[in-house]
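**Student:** Kindly generate the corresponding structure for this input.
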Amino acid sequence: MGHEQFTWVSVIPGLSRFIATSGGFAEVVDDKVTLLLDTAEFGEEIDLARAQRAREWAESTLKGLTFEHAEYQAFEAALLRAITRISTASRSEQ
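**Tutor:** From the prediction side, this is the model:
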């Protein structure tokens, strides 16, 4: 999964944790998973209020931009990061 944002579930016998990741690669061979990531945060460590503020900021900024604008993709990536962090933090609370 090169440079995709995704939520990863860490499964250790008796323990499951959600991890928000961004940028990197995952390799699965047999029953072993290797991750090389730019960022990774366990759901229970994410500041949900901060992630929600980041989502709102990115959404409001994107409303004023067109796809052709030089910064559009950067703000779109920020929005996706915030959504991933919110989803991961919410799952960890359950």
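**Student:** Now for E71, how many residues are close by?
**Tutor:** When neighbours are defined as other C-beta atoms under 10 Å, E71 has 11 of them. Yep, even glycine has a C-beta here, placed from its N, CA and C like the rest.
**Student:** Quick check: buried residues in stretch 75-82?
**Tutor:** Using 16 or more other C-beta atoms under 10 Å as the test for burial, stretch 75-82 gives F75, A78, L79, R81, A82.
**Student:** Would you format those as JSON lines with secondary structure included?
**Tutor:** As requested, the buried residues of stretch 75-82 are exported to JSON lines (DSSP: H, G, I helix; E, B strand; the rest coil):
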{"residue": "F75", "secondary structure": "helix"}
{"residue": "A78", "secondary structure": "helix"}
{"residue": "L79", "secondary structure": "helix"}
{"residue": "R81", "secondary structure": "helix"}
{"residue": "A82", "secondary structure": "helix"}
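**Student:** The protein: strands as residue ranges?
**Tutor:** For the chain, the strands defined by DSSP state E occupy 6-12, 15-29, 32-42.
**Student:** so where's this structure shaky on pLDDT?
**Tutor:** For the chain, the stretches flagged by pLDDT under 70 are 1-11, 94.
**Student:** And I46, how far from S87?
**Tutor:** For I46, the distance to S87 (C-beta to C-beta, to the nearest Å) stands at 10 Å.
**Student:** what's the overlap in contacts for the two?
**Tutor:** Common contact partners of I46 and S87 (C-beta atoms under 8 Å, 6 or more residues apart in numbering): A20.
**Student:** and these two? which has more neighbours close in?
**Tutor:** I46 (21 against 17).
**Student:** measure the more buried one to Y72 for me?
**Tutor:** Counting by C-beta to C-beta, the gap from I46 to Y72 is 25 Å.
**Student:** circling back: which one of the strands of the chain lies closest to L62?
**Tutor:** L62 lies closest to strand 15-29 among the strands of the chain, at 17.8 Å (C-beta to C-beta).
**Student:** for that closest one, packing partners?
**Tutor:** For strand 15-29, the packing partners by 3 or more C-beta pairs under 8 Å, 6 or more residues apart in numbering; DSSP states H and E come out as strand 6-12, strand 32-42, helix 72-93.
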